[in-house]
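Q: Quick one, what's the 3D model for this:
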Amino acid sequence: MLKACLNGIRRPDSHPALPVTPDQLAAAAAAAGEAGAAAVHLHVKDEVGADTFDGDRLAAALEAVRAAVPKMPIGVSTAASAVSNSVNRVDAIDSWTLLPDFASVNWHEPGTDAVADALLARGVGVEAGLWHRKAIRAWQDSPLRNQCIRVLIELGDLPDSATTEARADQLLEAAGLRPGGRTLEGIPVLLHGKESSAWPALQYAVARGLDTRIGLEDTLLLPNGNPAPGNTALVEAARALGAL
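A: Purely as a prediction, here's the structure:
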């Protein structure tokens, strides 16, 4: 499965094609789907392009994207970078009037179980974002572990392919990766990188038969190092490298 991560925490001035408004997100999702993405992950933005948990803005984004790609699963972020207090994040989730299909939850952030539980209670699928061994241990100790729909092994900005693959191996082993691209609990694993590790991680995910993702959230560059025109070009490049 190839997921398109459309914008991330980036602000509008980071790239001329970064989708921020509902209409821009809808157009980006539709183009990514036509290029081969099977799902989209987006960050809901406020009037200045900052991440927000606002229910009205979430609803507007979801309505626009679902109208453009009615059969494509849509995921959102619940990162503490938007709302640092986990109680406030839970309150926001409880107030949402329109719900995404899934949401990523960073398991190293305070209040993770409460945030994940609030999503599950509303029927939203939970992706466990695991950035390091401590996060993996916290997820493995969580009573909600087996209710997650996907495990995200998330690599930071790493210097080269060898370092990226070594780091991926460490985290995949710690998370209990088994043949078939799933954990011991049977949960699908998605591997992706960030900035310099984005393309090496994607290629390694393909080589190991894992789900992966690409988009302007993770990198602004094509595999050859040239600036990417937008999300569509990144998805097309990922497909060319074997990501499905």
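
Q: Quick one: mean pLDDT for stretch 169-188?
A: For stretch 169-188, mean pLDDT rounds to 95.

Q: So what touches it?
A: Stretch 169-188 is contacted by residues 1, 128, 130, 132-133, 136-137, 139-140, 145-146, 148-151, 153, 155, 189, 191, 208-211 when judged by CB atoms under 8 Å, 6 or more residues apart in numbering. For glycine as for every other residue, the C-beta is placed from the backbone atoms N, C-alpha and C.

Q: What subset of the residues you listed is buried?
A: Neighbour counting with 16 or more other CB atoms under 10 Å marks 1, 128, 130, 132, 136, 139-140, 145, 148-151, 153, 155, 189, 191, 208, 210-211 as buried within the contacts of stretch 169-188.

Q: give me every residue that touches the residue nearest to the spatial centre of the chain.
A: With distances taken as CA atoms, centre = their mean, the residue of the chain nearest its centroid is His41 (5.1 Å). Going by CB under 8 Å, 6+ apart, His41 touches Lys3, Ala4, Cys5, Leu6, Gly75, Val76, Ser77, Ser104, Arg213, Gly215, Glu217.

Q: Using PDB, list the CA coordinates for the helix or strand harbouring it.
A: Taking DSSP states H and E as the criterion, His41 maps to strand 39-42. Extracted C-alpha coordinates of strand 39-42, given in PDB (Å, rounded to 0.1, in the frame of the first residue of the first chain):
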ATOM      1  CA  ALA A  39      -4.800   6.300   0.800                       C
ATOM      2  CA  VAL A  40      -4.000   9.900   1.900                       C
ATOM      3  CA  HIS A  41      -2.800  11.400   5.200                       C
ATOM      4  CA  LEU A  42      -3.300  15.100   5.700                       C
END
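
Q: downstream neighbour of that strand in the secondary structure list?
A: Strand 39-42 is succeeded, C-terminally, by helix 55-68 (DSSP H and E).

Q: Identify the residues contacting that following helix?
A: Here helix 55-68 has contacts from 22-23, 25-27, 29-30, 40, 42, 44-46, 72, 74, 76, 92, 95-100, using CB under 8 Å, 6+ apart.
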